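S.K.: Okay, sequence plus prediction incoming.
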Amino acid sequence: MKFFYNSLALLNLPLFGIQIPLTDERVQKICELINSKGLKIDGDFTELKIEREDLERVHTKEYVGKLFGNKEAIQKAVSDTFELINEQGEYHRYNPKDAIYSLEELVQKVILQTKGTIATAQEALKSGKSFYLGGGYHHAMSFAGRGFCLINDIVIAARWLQKHHQTKLIWIIDVDAHKGDGTAELTQNDPTIRTLSIHMQEGWPLDSGKFDKNGNLNPWFIESDVEIGIAQNEQHLYNEKLKAGLDKLVSLDKMKPDLAIIVQGSDPYEKDQLPSSALLNLTQEQMLERDLLVYNFLNERNIPQAYVMSGGYGEYSFEIYCQFLDKIL
Ligand SMILES: [Zn+2]
């Protein structure tokens, strides 16, 4: 397995004046484990070139235009994604005076993150297995960012492979606690990217109704090809349902996928500290069973695997990645 990470791509929100303490406590411990196995971590992906058209293959021209637009357009796109302006039009957990870096630089930072996801996916295609210590912005939609995800690096990487490596079928297996709603919306009419999302049945998406006032389905409720909601009282069935979901994914197409991207959020873990993932509380053993289930399922079928970390919050999140990597390395 090859590893990718570059501290330049870390998204430290307080440096941009955004008062969301999402620091990545997971990374250091995972790096230590990888190094202790005598393995190297590649950080050269920052050299990769991403063009505007690579984003426009996934997001609308209008939205990409905002991300590359003037200061006001960028501020609007970022504040919508990170919910920085309240209903009264005042700043909410945002103080531009505290910012060391501009919001334009934040956009560039997220693009840098995305380069890591692309490099990781390319590597898996080449050598079979790769792991990125970053990535997994699965809430970003075609027309806007959402849920702290400005652009959807996962689908950008998938479409990059289609364009540059002529892949025919890619799976996205999303085991984060939150529904991969952006990924589902972006790929809803695309049979060349199949998605599985297993997540908390309630509590996300946060918005109240499933339908808007005209009776149309809100886009964050669009389902993945294999959609598995886990209710609080059926958590003991999580891995059983995941296995059935993987079997269903196989049955959707005659051909084998060129690659699977695994969105390996650790936030279903009972020790995760994000309030919005509290409706899923798997034990450390269940989490290992989950990760080995996906790993072995793909391994047995000779399907290349590219991992992105996605959600995982607080001081215990590293335990989930470390126990998995320790087992397979
Ligand atoms: Zn999550």
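M.R.: Arrived safely. Residues are numbered from 1 along each chain as shown.
S.K.: Now do stretch 136-152: distance to the chain's middle.
M.R.: Distance, stretch centre to chain centre, for stretch 136-152: 9 Å (C-alpha atoms, centre = their mean, to the nearest Å).
S.K.: what about it, near the ion?
M.R.: No - with C-beta under 5 Å from the ion as the measure, stretch 136-152 is seen stopping short of the ion, the closest distance being 7.9 Å. (Glycine included, C-beta is placed from N, CA and C.)
S.K.: pLDDT averaged over that stretch - what is it?
M.R.: Along stretch 136-152, the predicted confidence averages to a pLDDT of 96.
S.K.: what about the longest strand in the protein?
M.R.: When the chain is scanned for its longest strand (criterion: DSSP state E), the result is strand 193-200.
S.K.: I'd like to know how many residues surround D181.
M.R.: Neighbours of D181 under the rule other C-beta atoms under 10 Å: 27.
S.K.: Pull the contacting residues for it.
M.R.: D181 is in contact with H138, H139, M141, R146, G147, P205, P219, W220, F221, I222, counting by C-beta atoms under 8 Å, 6 or more residues apart in numbering.
S.K.: Among the residues you listed, the buried ones, what's the ChimeraX command?
M.R.: Selection of buried members from those for ChimeraX, criterion 16 or more other C-beta atoms under 10 Å:
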select :138,139,141,146,147,205,219,220,222
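S.K.: Sort out which one of the contacts of D181 lies nearest V107 for me.
M.R.: R146 (15.4 Å; C-beta to C-beta).
S.K.: Can you tell me the SS state at Y307?
M.R.: When classified by DSSP: H, G, I helix; E, B strand; the rest coil, Y307 comes out as strand.
S.K.: That one and H236: what is the separation?
M.R.: Plainly put, Y307 is 26 Å away from H236 if you go by C-beta to C-beta, to the nearest Å.
S.K.: same check, this time on A260
M.R.: Distance from A260 to H236, counting by C-beta to C-beta: 26 Å.
S.K.: Comparing those two, which residue is more hemmed in?
M.R.: Each of A260 and H236 had its neighbours counted (other C-beta under 10 Å), and the higher figure belongs to A260 (25 against 10).
S.K.: Taking the stretch 201-329 of the chain, what residue is nearest to the ion?
M.R.: Closest to the ion within the stretch 201-329 of the chain is G311: 2.7 Å, counting by C-beta to the ion.
S.K.: just to revisit the earlier point, identify all contacting residues around the longest strand of the chain.
M.R.: Strand 193-200 has contacts (C-beta under 8 Å, 6+ apart) with 155, 158-159, 169-180, 183-184, 187, 224-230, 238, 241-242, 245-246, 248-249, 252-253, 257, 268, 277, 279-280.
S.K.: of those, buried ones?
M.R.: Taking 16+ other C-beta under 10 Å as the criterion, what is buried in the contacts of strand 193-200 is 155, 158-159, 169-180, 183-184, 187, 224-228, 230, 238, 242, 245-246, 249, 257, 268, 277, 279-280.
S.K.: which non-adjacent residue is nearest the residue most central in space within the chain?
M.R.: If you average the C-alpha coordinates of the chain and look for the closest C-alpha using C-alpha atoms, centre = their mean, you land on G136, 1.8 Å from that point. Closest residue to G136 in three dimensions, ignoring its sequence neighbours and counting by C-beta to C-beta, 6 or more residues apart in numbering: S310, at 2.8 Å.
S.K.: Please work out how many residues are found near that neighbour.
M.R.: S310 sits with 26 neighbouring residues when counted by other C-beta under 10 Å.
S.K.: Now do the contacts for it.
M.R.: S310 touches G135, G136, Y137, H138, D174, D176, V263, Q264, G265, D267, counting by C-beta under 8 Å, 6+ apart.
S.K.: if we can go back for a sec, and the buried ones among the contacts of strand 193-200 near the ion, which?
M.R.: Filtering these for proximity to the ion (criterion: C-beta under 5 Å from the ion) leaves D176, A177, H178.
S.K.: hey, where'd the helices end up in the stretch 151-300 of the chain?
M.R.: Taking DSSP state H, counting those that start in this stretch to define them, one finds helices in the stretch 151-300 of the chain at 153-165, 181-186, 238-251, 284-300.
S.K.: Show me what from the stretch 151-300 of the chain comes close to the ion.
M.R.: Residues of the stretch 151-300 of the chain lying close to the ion by C-beta under 5 Å from the ion are D176, A177, H178, G265, D267.
S.K.: Excluding chain neighbours, give the residue nearest to the third one in space.
M.R.: When the adjacent residues along the chain are set aside, H178 lies closest to W204, with 4.8 Å between them (C-beta to C-beta, 6+ apart).
S.K.: neighbours of that neighbour, just the number please.
M.R.: Per other C-beta under 10 Å, the neighbour tally for W204 reads 21.
S.K.: And A140, how far from the ion?
M.R.: Note on A140: its distance to the ion, by C-beta to the ion, to the nearest Å, is 13 Å.
S.K.: The residues of the stretch 151-300 of the chain next to the ion into CSV, with extra columns for pLDDT?
M.R.: Listed next are these as CSV, based on pLDDT from 0 to 100:
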residue, pLDDT
D176, 98
A177, 97
H178, 96
G265, 97
D267, 95
